[in-house]
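In: below are the sequence and a predicted model; questions follow.
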Amino acid sequence: MTRDRITDDQWECIKDLFPKPAKTGRPPRDHRLMLDGIFWILRIGSAWRDLPEEFGPWQTVYDRFNGWNNDGTIDNILHRLRAAHVDCGAIDDQLWCVDGTILRAHRCAAGGGKKTTRQNQLITH
């Protein structure tokens with residue numbers, strides 16, 4: 001199993017959160033594969049268009065992420081997975097650390113202004 005995929009135990013924990021496929025219409029893409037694609041994007045921080053083809057069309061993965069994010073499914077998935085890790089002792093429920101050494105901020109976040117083109121008021125009227 002590669003590290004960009006969820007494990008079978010994790011899938012068993014969350015698979016009941018997804019809706020059953022409709023009996024009519026186009027068969028839906030595999031929910032697990034879509035979730036793997038979403039987690040790949042969230043872990044890597046890449047643009048949606050750069051999603052590897054093995055996860056399916058990036059538009060489909062993005063639409064699924066958007067829908068699941070809006071209806072709260074992503075939050076429920078993360079809460080269940082976190083609770084499972086807390087229960088088995090893999091993580092501590094009281095201590096959370098975020099490593100921000102690789103986070104990049106735009107220069108205006110540090111107090112510098114955005115570059116703007118100065119316009120002469122007499123010319124623009």
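Out: Good, I have the coordinates. All values derive from a computational prediction rather than experimental measurement.

In: report the central residue of the protein.
Out: The structure's the chain has its C-alpha centroid closest to Leu42; by Cα atoms, centre = their mean the separation is 4.0 Å.

In: got a pLDDT number for that one?
Out: Note for Leu42: predicted pLDDT of 89.

In: helices of the chain, start to end?
Out: 8-14, 31-44, 58-71, 73-87, 121-124 (DSSP state H).

In: quick one: the residue nearest to the centre of the chain from Ile77, how far?
Out: Going from Leu42 to Ile77 by Cβ to Cβ, to the nearest Å gives 11 Å. (Glycine included, C-beta is placed from N, CA and C.)

In: check Asp16 too.
Out: Relative to Ile77, and taking Cβ to Cβ, Asp16 is found at 11 Å.

In: dump the residue contacts of the closest residue to Val61 other than its chain neighbours.
Out: Among residues not flanking Val61 along the chain, Gly37 sits closest, at 4.1 Å (Cβ to Cβ, 6 or more residues apart in numbering). Going by Cβ atoms under 8 Å, 6 or more residues apart in numbering, Gly37 touches 51, 55-56, 58, 61.

In: including pLDDT, distance to Ala83 and neighbour count, could those go into TSV?
Out: Converted to TSV, the contacts of Gly37 look like this (pLDDT from 0 to 100; distance: Cβ to Cβ, whole Å; neighbours: other Cβ atoms under 10 Å):
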residue	pLDDT	distance to Ala83	neighbour count
Leu51	94	28	21
Phe55	92	26	22
Gly56	91	28	17
Trp58	95	30	18
Val61	95	25	22
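
In: between the residues you listed, which is nearest Ala22?
Out: Distance ranking of the contacts of Gly37 against Ala22, using Cβ to Cβ, places Gly56 first at 18.5 Å.

In: quick check, pLDDT for the residue nearest to the closest one when sequence neighbours are not counted.
Out: Sequence neighbours aside, Arg29 is the residue nearest to Gly56 in space, at 5.5 Å (criterion: Cβ to Cβ, 6+ apart). At Arg29, the pLDDT value in this model is 87.
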